[in-house]
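1. Got a sequence here, can you build the structure:
(one chain, ligands or ions: 1)
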Amino acid sequence: MTRPIRAEISLSALRHNYALAKSKAPRTKVFAVVKANAYGHGFKRVAAALPDADGFATLELDSAVQLRDAKIESPILLLEGFFSEKELPTYVQQNFMPVVRDLEQVKQITGATLTRPLDIFLKFNTGMNRLGLKGPLSGYAINMAASHRNFGAVTLMTHFASADAAEGVAAQLSRFEDIVKAAKPVFGKKPFGQSVANSAALLRFPETHRDWARPGIMLYGSSPFADASAESLGLKPVMALRSEIIGVQALDVGDSVGYGGIFTAKKKMRVGIVACGYADGYPRHAAGSNEHGTPVIVSGKRTRTIGRVSMDMLVVDLTDMPHVHIGAPVTLWGEGLSADEVAAASGTVSYELFCAIAPRVPIREVD
Ligand SMILES: *Cc1c(COP(=O)(O)O)cnc(C)c1O
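-> So this is what the prediction gives:
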């Protein structure tokens, strides 16, 4: 017997979510965003499960190379582009498209000796204020992208800061429209594409679909919105984090549980010990005080966590579940309990939970 924790990855749920993205944006090509090891789901597994995806977007050059080694021939976009001009030959050989995000990179491309032109995504800062061209520099970059022989197909892009919130996309989209308008006469007869939508924009703002959308989190079955559940959006959870009860304790009134004793029994209670802790990727900040717990499913029924999450274990309330014993199945998140709910009770987002799944957690593929 090995420690009972595991993450199950549902390939059919993944395919369902990608198909949903396509159906929401039927005239748009859709990258499956597989950066950060496909948000902890395994980028090679995800790419293999989506053979008909229009393309893949990642961020780590070695993962892009591994996709090509795995015979993935569709377009691959590198979301932070290249970090040194030394990478440019790899981009050309492997047919990778970099995001080009500042003037220095434009100059590195125009100054390089390339065996053929590079297809690029030219990124503009319209309000996120992380990466991207802004102001007068944009004009020079557009000129070069439109006319220099080292540039092949060009897609103008930006990234939204608040597509998931009340602020929406209007202000940033209007700045992007100004850039597109300015670019048209410069490009003249050379066509160019546009790409702006992440999951939140794809789901809520059809005007953002354009030529290429870039959904990530929705493919993994989580909601990008605090005010709409994944289920209500038609998404299916891809990852289920499962374990088992490995111990049971009886608490008397006044007994506390775990490090720091942040939970104290006010009545006689029965609690279960689950083989899952923060060293597995479960959030240590998950609520577990007397007032607030974090939802968890034990033997098909919802209950809550109790006390602080430790490195290898957490504790759940079994007081109303007298028939649950050692060996009972536990779902930390999965169908019936979204990672979004666990994240909300932990002061974070499901993106972080997925990315934090530790290497020691075995992954099992299920249909
Ligand atoms: C990560 C990323 C995405 C995907 O965002 P989601 O919120 O997961 O849909 C899209 N575009 C860029 C530039 C990104 O870095």
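
2. Which positions in the chain make contact with the ligand?
-> Within the chain, the positions adjacent to the ligand are 33, 35, 79, 159, 198-199, 214-217, 224 by CB under 6 Å from any ligand atom. (Each C-beta comes from the backbone N, C-alpha and C, glycine too.)

3. can you list those in CSV and add distance to Ser350, secondary structure and pLDDT?
-> As requested, the residues of the chain next to the ligand are exported to CSV (distance: CB to CB, whole Å; DSSP: H, G, I helix; E, B strand; the rest coil; pLDDT from 0 to 100):
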residue, distance to Ser350, secondary structure, pLDDT
Val33, 14, strand, 98
Lys35, 15, helix, 98
Leu79, 19, coil, 98
His159, 19, coil, 97
Asn198, 14, coil, 98
Ser199, 11, helix, 98
Arg214, 18, coil, 98
Pro215, 14, coil, 98
Gly216, 11, coil, 98
Ile217, 7, helix, 98
Pro224, 9, coil, 97
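
4. from those residues, which two are the most distant?
-> Using CB to CB, the pair of the residues of the chain next to the ligand lying farthest apart is Leu79 and Pro224, separated by 16.6 Å.

5. ranges for the strands of the stretch 201-350 of the chain?
-> Assigned by DSSP state E, counting those that start in this stretch, the strands in the stretch 201-350 of the chain fall at 212-213, 239-251, 256-257, 263-264, 269-274, 295-298, 301-306, 314-317, 329-333.

6. picking that back up, the more surrounded of Leu79 and Pro224?
-> Using other CB atoms under 10 Å as the criterion, Leu79 and Pro224 rank with Pro224 on top: 26 against 21.

7. Check which helix or strand the closest residue to the more buried one other than its chain neighbours maps to.
-> Closest residue to Pro224 apart from its sequence neighbours, by CB to CB, 6 or more residues apart in numbering: Ala200 at 3.8 Å. Using DSSP states H and E, Ala200 maps to helix 199-204.

8. Which strands or helices does that helix pack on?
-> Counting contacts by 3 or more CB pairs under 8 Å, 6 or more residues apart in numbering; DSSP states H and E, helix 199-204 packs against helix 11-24.

9. Between strand 239-251 and the helix it packs on, find me the angle.
-> 130 degrees (axes from the mean of the first three to the mean of the last three CA atoms, to 10 degrees).

10. so what does helix 11-24 touch, helix or strand wise?
-> Judged by 3+ CB pairs under 8 Å, 6+ apart, the packing partners of helix 11-24 are strand 29-33, helix 43-49, helix 199-204.

11. rerun at 10 Å
-> Helices and strands touching helix 11-24, by 3 or more CB pairs under 10 Å, 6 or more residues apart in numbering; DSSP states H and E, are strand 29-33, helix 43-49, helix 199-204, strand 212-213, strand 239-251, strand 363-366.

12. Now mean neighbour count too, for those, in a markdown table please.
-> Formatted as a markdown table, the helices and strands packed on helix 11-24 follow (neighbours: other CB atoms under 10 Å):
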| stretch | mean neighbour count |
| --- | --- |
| strand 29-33 | 24 |
| helix 43-49 | 20 |
| helix 199-204 | 24 |
| strand 212-213 | 24 |
| strand 239-251 | 19 |
| strand 363-366 | 12 |
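
13. can the ones you listed go into JSON lines with extra columns for distance to Lys22?
-> Formatted as JSON lines, the helices and strands packed on helix 11-24 follow (distance: least, CB to CB, whole Å):
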{"stretch": "strand 29-33", "distance to Lys22": "6"}
{"stretch": "helix 43-49", "distance to Lys22": "15"}
{"stretch": "helix 199-204", "distance to Lys22": "10"}
{"stretch": "strand 212-213", "distance to Lys22": "9"}
{"stretch": "strand 239-251", "distance to Lys22": "21"}
{"stretch": "strand 363-366", "distance to Lys22": "22"}
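
14. can I see the domain layout of the protein?
-> Domain assignment for the chain by automatic domain parsing gives 11-222, 239-366.

15. Between the ones you listed, which one is closest to Ser229.
-> domain 239-366 (6.5 Å).
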